[in-house]
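>>> structure, please.
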Amino acid sequence: MNIKVLLADDHKIIRDGLRSLIEKCPEMEVVGEADNGRMTIQLARELEPDVVIMDISMPDLNGIDATQQIVADIPGVKVIALSMHSDKRFVLGMFKAGAAGYLLKDCAFDELEQAVKTVLADHTYLSPKIATVVIKDYVPQISKDEISAFSVLSVREREVLQLLAEGKTTKDIASELFLSVKTIETYRQRIMDRLDIHNLADLIKFAIREGLTSLES
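This is a model prediction of the structure:
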C-alpha cells in the first residue's frame, strides 16, 4: 500500500518539483496539493494522508497553526516541515505544534524520503543541518520575557493578526472567520495590547518576523 502524501506550499514550482520526484518513488503517491494553510487542513480532513509535507510561510493560515489543527483533528497523520527557515523559533514552533519532522528546502530528495519513512515508524526526524539549533535552545532556554506570537497570542488571535498583516479588511476577516466585525475589532485591540504594538505597520513587521506571513504572500 502506497504512502499517501499531501503537499502544502504556496509556490507551485515547489509543489510541481516535489510531485515529480515523489512520482518516481514506487512507495509514495501524492494525493493532494494545497497553497495555503486553511486548504491544507481541509484536504487533510478529506483525504486522510499518511504524511503532510508542510511549508511554514503560507497565506491565510501559516504552517505552524495549520499543523497544530491537523495533528489535533486527524489521529495518525504525520506532518513534516519543509522550510527555508532554520531559525530556532520556526523549528521549535513546528515541533511544539506537533510536527514529526523538519527539513530545509535545500535538502536532497533522498533525505525527504528518509524523513517520511522515519516519521511513519513513529520517530522524529530532524535535518542534521539544523539539529544544533534545537540542541542550543535547551542550554539556555528562550527567555521567558521574549515576546513571541506563539507564546503571547491565542490561535484565533494569530489568525486575525495574519489576515490583518496580509491586507484583509476587518469586514473581510469577519466574513472569512464567520465572526462579527465588532468581534474582529476586539481581537485587533487585544492583539495590540498584548504585543504593546499600536499601529498596523508595526503589526505587519511583527507578523513577518514571527513567520505568520511573508512579503511574498
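
>>> how far off centre is stretch 106-115?
A distance of 19 Å separates the centroid of the chain from that of stretch 106-115, by Cα atoms, centre = their mean, to the nearest Å.

>>> buried ones in it?
By neighbour count with 16 or more other Cβ atoms under 10 Å, stretch 106-115 contains the buried residues 111-113, 115. Yep, even glycine has a C-beta here, placed from its N, CA and C like the rest.

>>> how about Met94: what's its closest non-neighbour residue?
Nearest residue to Met94 in three dimensions, chain neighbours excluded: Ala81, at 4.4 Å (Cβ to Cβ, 6 or more residues apart in numbering).

>>> give me the low-pLDDT residue ranges for the chain?
The model of the chain has pLDDT under 70 over residues 133-147, 214-217.

>>> cutoff 80 now
Scanning the chain for pLDDT under 80 picks out the ranges 1, 131-151, 213-217.

>>> how is it divided into domains?
3-137, 149-209 (automatic domain parsing).

>>> which one of the buried residues of stretch 106-115 is nearest Thr169?
Of all the buried residues of stretch 106-115, Leu112 has the smallest distance to Thr169: 38.7 Å, by Cβ to Cβ.

>>> the closest one against Leu104, yeah?
No - contact between Leu112 and Leu104 fails when scored by Cβ atoms under 8 Å: they sit 10.4 Å apart.

>>> what do the two both touch?
Leu82 (Cβ atoms under 8 Å, 6 or more residues apart in numbering).

>>> how about Gln42, what does it touch?
Neighbouring residues of Gln42 by Cβ under 8 Å, 6+ apart: Ala34.
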